[in-house]
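Trainee: Got a predicted structure plus its sequence, pasted below:
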Amino acid sequence: MGVRREGRELALTYLYQIDLGVEDIASVRAQLESERRVSGKVRRFAGSIVEGVWAHRVAVDELITGHLQHWKLDRLTRTDRGLLRMAVYEMRFDPEVPDKVAINEAVEIGKKFGGDESGKFINGVLDAILHASP
């Protein structure tokens with residue numbers, strides 16, 4: 001597995017913890033610094049995603065909410081919500097990540113960690129965001 005995929009998967013676990021209310025951003029920062037299961041490159045990449053999602057969470061959530069049909073953000077599974085947040089952050093606020101890569105990564109990780117329909121659902125929401133005017 002590549003550094004970026006591994007980093008996204010690690011970031012998802014930390015975003016999940018924040019979403020549960022078990023951890024706050026300060027404790028997540030400390031945990032990421034001491035994370036020893038992965039390489040430093042993976043830790044840094046995961047940390048940049050978590051920090052970016054956190055810094056832009058209001059704008060990211062508004063964008064997602066505006067493209068959910070018949071759903072509310074707080075009713076999504078934490079996994080799907082975290083993946084949508086990561087992908088939207090990368091699409092809108094990280095110029096180094098092409099939109100299609102952000103979408104593909106979220107869909108593939110959703111298939112691995114989400115429910116049966118996660119990949120399709122995530123793809124639909126992110127595709128709508130991609131084709132909406134910025």
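Mentor: Alright, I've got the coordinates. Residues are numbered from 1 along each chain as shown.
Trainee: What ranges in this protein fall below the confidence cut-off?
Mentor: 133-134 (pLDDT under 70).
Trainee: one more time with 80
Mentor: Low-confidence segments of the chain (pLDDT under 80): 1, 22-24, 29, 32-33, 35-36, 133-134.
Trainee: Which parts of it are strands?
Mentor: With DSSP state E as the definition, the chain shows no strands.
Trainee: the longest helix in it is where?
Mentor: The residue-count maximum for a helix in the chain (DSSP state H) belongs to helix 3-20.
Trainee: just the CA coordinates of it, formatted as CSV?
Mentor: Extracted in CSV, the C-alpha atoms of helix 3-20 (Å, rounded to 0.1, in the frame of the first residue of the first chain):
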residue,chain,number,x,y,z
VAL,A,3,2.1,6.2,1.6
ARG,A,4,-0.9,8.3,0.6
ARG,A,5,-3.5,5.5,0.8
GLU,A,6,-2.1,4.4,4.1
GLY,A,7,-2.1,8.0,5.3
ARG,A,8,-5.7,8.5,4.3
GLU,A,9,-6.7,5.3,6.1
LEU,A,10,-4.9,6.5,9.2
ALA,A,11,-6.4,10.0,9.0
LEU,A,12,-9.9,8.4,8.7
THR,A,13,-9.3,6.6,12.1
TYR,A,14,-8.4,9.9,13.8
LEU,A,15,-11.3,11.8,12.1
TYR,A,16,-13.6,9.0,13.3
GLN,A,17,-12.3,9.4,16.9
ILE,A,18,-12.9,13.2,16.7
ASP,A,19,-16.4,12.7,15.3
LEU,A,20,-17.2,10.3,18.2
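Trainee: who's in contact with the one residue sitting closest to the centre of the chain?
Mentor: The residue lying closest to the centre of the chain (Cα atoms, centre = their mean) is Met86, at 2.2 Å. By Cβ atoms under 8 Å, 6 or more residues apart in numbering, the residues touching Met86 are 8, 11-12, 15, 49, 53, 102, 106. Every residue, glycine included, has its C-beta placed from N, CA and C.
Trainee: Brilliant, that's me finished.
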